[in-house]
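Asker: Below is the sequence, then the predicted model.
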Amino acid sequence: MASPARPWFAERVPLGRSDVTVTRLGLGTAPLAGLYSAVGEDQATAALEAAWAAGIRYFDTAPHYGAGLAERRLGAFLATRPRAEPTVSTKVGRLLVPGEATAGGEGFHDDQGLVRVRDYSAEGVYRSLSESLERSGLDSFEIALIHDPDDHWQEAVTGAYPALERLRAEGAVRAIGAGMNQTAMLTRFVAETDVDCVLVAGRYTLLDRTAADDLLPLCARRQVGVIVGGVFNSGILADPVPGATYDYAPATEDVWRRVRALAERCAEHGVAPAAAALRFPLRHPAVTSVVVGARSAREVTENIAHAATAIPEALWAELDASG
């Protein structure tokens, strides 16, 4: 139980079988690196400061986010904080090389003069982590995740995974896993390798509970930590207004129908849909932490308020019944 001085979402919990701990609520750094629109340095720093002040100590980043900008900004911020306090995850699978980036390319709007090249080889893993350490200025990352190997299973399982396994054995990283927007390959990682954790984005939400079919039960049996991202399905559950996106694309009428029904049920209980969306994944015993991105201190504050919202059991019952 959370102490009076520490809200429940700031409590640290073990990540699977590893010796790594994370706060129940983490901050995703993709928006701070210009996802969808550019974010200034001061705005990004203010968001990180707001998260830290609220008690968040788990931060997720990746070279992909702003072509290294997220790692640089997070590292610069953490340099002013005690290094023993935060838990940081980064990812491997995309190397950054000099090149002419398109404005808004791959969703990011802060041009760093770098382009992304997929590489899930062992050599790519070592290079990626070395460059991430240099960009961030950190001495190590607690967690390293194979990032979106959707079309690269063979290389990921024969190259990237064994490399991460060796780094874990050497103590260079303390927990390893994979982060994806699908469940089938994550389930294979859990079944066929010795990962400590998975980060599943968008597949265990109020609108998509796919992860509950196979991935979450298997993780529970094998004591693999589960981090859930994308709880708002790219925006529609955070702010269900015209133009909102579902999984990074315009929402279909069927999705809108479901969102309207969900919003009506939430309104009857005086709960914002975003609050229910943020709290929902943590009801599953296999889920360790929820990572939510934010692009400003205001958004961090809003997410903290949603996390602190008490959700009536009657609302959960209705949402569960509606599927």
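Answerer: Here it is on my side, so go on. Numbers count the residues shown, from 1 in each chain.

Asker: for this protein, what spans make up the helices?
Answerer: Along the chain, counting by DSSP state H, helices occupy 41-54, 69-78, 122-136, 153-155, 161-170, 184-192, 215-222, 253-268, 273-279, 297-308, 313-322.

Asker: Contacts for the longest one next, please.
Answerer: When contacts are taken as C-beta atoms under 8 Å, 6 or more residues apart in numbering, the neighbours of helix 253-268 outside the stretch itself are 206-207, 236-237, 240, 246, 251, 272-273, 275-276, 315, 318-319, 322. In short, each C-beta sits where N, CA and C put it, glycine included.

Asker: repeat that with 10 Å
Answerer: 206-208, 233, 236-237, 240, 242, 244-247, 249-252, 271-277, 311-312, 314-315, 318-319, 321-323 (C-beta atoms under 10 Å, 6 or more residues apart in numbering).

Asker: where in the chain is pLDDT low?
Answerer: In the predicted model of the chain, residues 1-5, 103-105 satisfy pLDDT under 70.

Asker: one step back: for the helices of the chain, could you give me a markdown table that also reports distance to I146?
Answerer: As requested, the helices of the chain are arranged in a markdown table below (distance: least, C-beta to C-beta, whole Å):
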| stretch | distance to I146 |
| --- | --- |
| helix 41-54 | 25 |
| helix 69-78 | 17 |
| helix 122-136 | 8 |
| helix 153-155 | 10 |
| helix 161-170 | 7 |
| helix 184-192 | 8 |
| helix 215-222 | 15 |
| helix 253-268 | 29 |
| helix 273-279 | 26 |
| helix 297-308 | 27 |
| helix 313-322 | 32 |
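
Asker: measure E100 to V259 for me?
Answerer: Distance, E100 to V259, by C-beta to C-beta, to the nearest Å: 39 Å.

Asker: Compare the two and say which is more crowded by neighbours.
Answerer: V259 (20 against 9; other C-beta atoms under 10 Å).

Asker: Would you agree E106 is in contact with Q112?
Answerer: No. The pair E106 / Q112 is not scored as a contact, 12.0 Å apart, by C-beta atoms under 10 Å.

Asker: Find residues that contact each of the two.
Answerer: Counting by C-beta under 10 Å, 6+ apart, the residues touching both E106 and Q112 are 66-67.

Asker: So if I had to pick from those two, which one is more boxed in?
Answerer: Neighbour count, other C-beta under 10 Å: between E106 and Q112, Q112 has more, with 17 against 14.

Asker: Can you get me a residue count around the residue nearest to the more buried one when sequence neighbours are not counted?
Answerer: Leaving aside its sequence neighbours, Q112 sits nearest to A67 (C-beta to C-beta, 6 or more residues apart in numbering; 4.2 Å). Neighbourhood size, A67 [other C-beta under 10 Å]: 25.

Asker: try V173
Answerer: V173 has 24 nearby residues by other C-beta under 10 Å.

Asker: these two touch, right, it and T90?
Answerer: Yes. With contact defined as C-beta under 10 Å, V173 and T90 form a contacting pair (9.3 Å).

Asker: overlap in contacts of the two?
Answerer: Contacts common to V173 and T90, judged by C-beta under 10 Å, 6+ apart, are 129, 141-145.

Asker: Widest-spaced pair of the residues you listed?
Answerer: L129 and E142 (12.3 Å; C-beta to C-beta).
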